[in-house]
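K.L.:
structure for this input, please:
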Amino acid sequence: FSRLDYPALYMCKPKRGVKRDESKETYKLPHRLIEKKRRDRINECIAQLKDLLPEHLKLTTLGHLEKAVVLELTLKHLKALTALTEQQHQKIMALQNGERSMKSPVQADLDAFHSGFQTCAKEVLQYLSRFESWT
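P.N.:
Take a look at the predicted model:
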């Protein structure tokens, strides 16, 4: 962009004929309302995120969930969901490529059961360790 082609982008015209005190007062009220609406929207979105969080994540903290904690837990949950989705996608791709034929159906089912059991056991141990440290 050249300065000659777009002079409005580079030149700032001062407001004339309006006293500074009057413009300041007329600016404050709408600005306050706009900021309040913005904060209300942010708080409403955080409340919705809090409602969407799984109960097991809400239980990881004691008492009231602060806004920052809600955001952190949401990020943690989204990352876990993303990783799970990626794993499922890889399994689908492996099935489409015929890699399952290398393992017997019984062995594949045993592997899936073993993986699920390990995940469940890990979650139970994490819950119990938090509960013991709490009491």
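K.L.:
from now on I want contacts and neighbour counts done on CA atoms only, so please keep to that.
P.N.:
OK.
K.L.:
longest single helix anywhere in this structure?
P.N.:
helix 20-52 (DSSP state H).
K.L.:
number of nearby residues for the nearest residue to residue 71 once chain neighbours are set aside?
P.N.:
What sits nearest to residue 71 in space, not counting adjacent residues and going by Cα to Cα, 6 or more residues apart in numbering, is residue 46, at 7.4 Å. Under the neighbour criterion other Cα atoms under 10 Å, residue 46 is assigned a count of 18.
K.L.:
same question for residue 117.
P.N.:
Residues within reach of residue 117, counting by other Cα under 10 Å, total 12.
K.L.:
distance of it from residue 110?
P.N.:
Look at residue 117 and residue 110: by Cα to Cα, to the nearest Å, they are 10 Å apart.
K.L.:
on that earlier part again, check the residue nearest to residue 71 and give its pLDDT.
P.N.:
Predicted confidence (pLDDT) at residue 46: the value is 95.
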